[in-house]
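Q: only the shape, not the letters, is given here:
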């Protein structure tokens with residue numbers, strides 16, 4: 001939740017570094033949506049202009065979230081593999 005506040009700038013100034021830090025902490029704690037969101041950040045699907053481009057790292061995050069049962073990660077992985085990633 002805290003990562004979302006920093007990402008959206010709700011009540012705090014937008015901060016990508018803090019967003020990613022809190023997302024990582026939640027993912028380490030076993031939160032599958034946070035793990036999925038880290039995959040999106042690595043794929044540059046977080047709505048930001050700067051390219052991250054670490055597809056292999058993104059896949060690892062998405063695979064972990066999929067193993068944890070997060071359906072959106074499964075769908076994203078299927079789409080990525082169909083597109084040849």
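A: All right, it came through fine. None of the values given here were measured: they were computed from a predicted structure. Numbering: from 1, shown residues only.
Q: next up, the contacts around residue 30.
A: residue 68 (C-beta atoms under 8 Å, 6 or more residues apart in numbering). Every residue, glycine included, has its C-beta placed from N, CA and C.
Q: tell me the SS of it?
A: Following DSSP: H, G, I helix; E, B strand; the rest coil, residue 30 is assigned to coil.
Q: ok, which stretches of the protein are helices?
A: Along the chain, counting by DSSP state H, helices occupy 2-8, 16-28, 32-42, 55-67, 71-82.
Q: chain center to the fourth one, what's the gap?
A: A distance of 9 Å separates the C-alpha centroid of helix 55-67 from that of its chain, computed with C-alpha atoms, centre = their mean, to the nearest Å.
Q: likewise for the second one?
A: Centroid displacement of helix 16-28 relative to its chain, using C-alpha atoms, centre = their mean, is 9 Å.
Q: that helix vs helix 32-42, what angle?
A: Between helix 16-28 and helix 32-42, the angle comes out at 140 degrees (axes from the mean of the first three to the mean of the last three C-alpha atoms, to 10 degrees).
Q: so which residues make contact with helix 16-28?
A: For helix 16-28, using C-beta under 8 Å, 6+ apart, the contacting residues are 2-3, 6-7, 34-35, 37-38, 41, 48, 61, 64.
Q: and which of the residues you listed is nearest to residue 83?
A: residue 61 (17.3 Å; C-beta to C-beta).
Q: so that closest one touches residue 38, yeah?
A: Yes: the criterion here is C-beta atoms under 8 Å, and residue 61 meets it with residue 38 at 4.5 Å.
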